[in-house]
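Trainee: Fold the following and give me the result.
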Amino acid sequence: MTYSAADRVYADVKELILTCELPGGELISEGEVAQRCEVSRTPVREAFLRLAAEGWMRLYPKRGALIIPVGDQEARDVVDARVLVESHAMHAVADRPSVLADLVEQLDENRTAHRAVDPSDAAEFARLDAQFHQLIVATDGNALLGDFYTSLGERQRRMTAARLHLGREIADRIHDDHAALAAAIGDGDADGFADLLATHLAGVHGVERTNANTSGGHR
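Mentor: Numbers count the residues shown, from 1 in each chain. I've put the predicted structure just below:
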């Protein structure tokens, strides 16, 4: 596949947004990005239009583009959705020991790789964080829920990257919480997992804890 200059600028700027190197609330100009990406303003303008259409930035003629911050409601909605989907997945496989054992093995591999990444590498740290949770959802085998959860991936990465910039304690909490979640999965404790997950996501992302739905996920 051939990528145009506009495609490359779009990908580069979007990655800067997702890793919070371009933080929410910052105003950037076409000229700044053109210089940074070593292109003319035309592909930057095209990339900005695409990013604005996706809701990542708001355009101001002759001034530039404002990176739209993650709002409180968006953060709560993403956390609520994640709790519901992951809890459902865990309830769906809680009575299948062999599936749980395979999942724990995959999660252990993820956690080993995750601990080897310095939290200052927000892009890779957030990617592995998202992967941990995606492995749980994929175990259920529900393709529709899996696709929906994957669609949240970019929002997850951005929210995690933003929190990592607050200090090392966020990364430490993620590691500790992932260990506890993996242990609950190994025990087949679906209700305990859902409760731990709700507390984990609320704490990491600084939102009010949602009530985990621990009764509606059984098959």
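
Trainee: Pull the distance from stretch 172-184 to the chain's centre.
Mentor: Distance of stretch 172-184 from the chain centroid (C-alpha atoms, centre = their mean, to the nearest Å) equals 16 Å.

Trainee: what comes into contact with that stretch?
Mentor: For stretch 172-184, contacts defined as C-beta atoms under 8 Å, 6 or more residues apart in numbering pick out 104, 107-108, 111, 114-115, 129, 132, 136, 160, 192-193, 196-197, 199-200, 203-204. Backbone N, C-alpha and C define where each C-beta goes, glycine included.

Trainee: The residue nearest to the spatial centre of the chain and Pro43: what is the separation?
Mentor: In the chain, the centroid-proximal residue (C-alpha atoms, centre = their mean) is Gln156; its distance is 1.8 Å. Counting by C-beta to C-beta, to the nearest Å, the separation of Gln156 from Pro43 is 28 Å.

Trainee: related to what we said a few turns ago, what's downstream of the strand or helix carrying the residue nearest to the centre of the chain, the next helix or strand?
Mentor: Using DSSP states H and E, Gln156 sits within helix 153-164. Counting by DSSP H and E, the next helix or strand C-terminal to helix 153-164 is helix 168-186.

Trainee: Now find how far off-centre the next helix or strand after that following helix is within its chain.
Mentor: Helices and strands here follow DSSP H and E; after helix 168-186, the next one along the chain is helix 190-205. Chain-centre distance of helix 190-205: 15 Å, with C-alpha atoms, centre = their mean.

Trainee: relative to helix 153-164, how tilted is helix 190-205?
Mentor: Here helix 190-205 runs at an angle of 60 degrees relative to helix 153-164 (axes from the mean of the first three to the mean of the last three C-alpha atoms, to 10 degrees).

Trainee: Dump helix 190-205 to PDB, keeping only the CA atoms.
Mentor: Written as PDB, here are the backbone C-alpha positions of helix 190-205 (Å, rounded to 0.1, in the frame of the first residue of the first chain):
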ATOM      1  CA  ALA A 190     -15.400 -13.900  38.100                       C
ATOM      2  CA  ASP A 191     -17.100 -11.700  40.700                       C
ATOM      3  CA  GLY A 192     -13.800 -10.900  42.400                       C
ATOM      4  CA  PHE A 193     -12.300 -10.100  39.000                       C
ATOM      5  CA  ALA A 194     -15.100  -7.700  38.200                       C
ATOM      6  CA  ASP A 195     -14.700  -5.900  41.500                       C
ATOM      7  CA  LEU A 196     -11.000  -5.700  41.200                       C
ATOM      8  CA  LEU A 197     -11.300  -4.400  37.600                       C
ATOM      9  CA  ALA A 198     -13.800  -1.700  38.500                       C
ATOM     10  CA  THR A 199     -11.500  -0.500  41.300                       C
ATOM     11  CA  HIS A 200      -8.400  -0.700  39.000                       C
ATOM     12  CA  LEU A 201      -9.700   1.300  36.100                       C
ATOM     13  CA  ALA A 202     -11.300   4.000  38.300                       C
ATOM     14  CA  GLY A 203      -8.000   4.400  40.300                       C
ATOM     15  CA  VAL A 204      -5.700   4.400  37.300                       C
ATOM     16  CA  HIS A 205      -7.900   6.900  35.300                       C
END
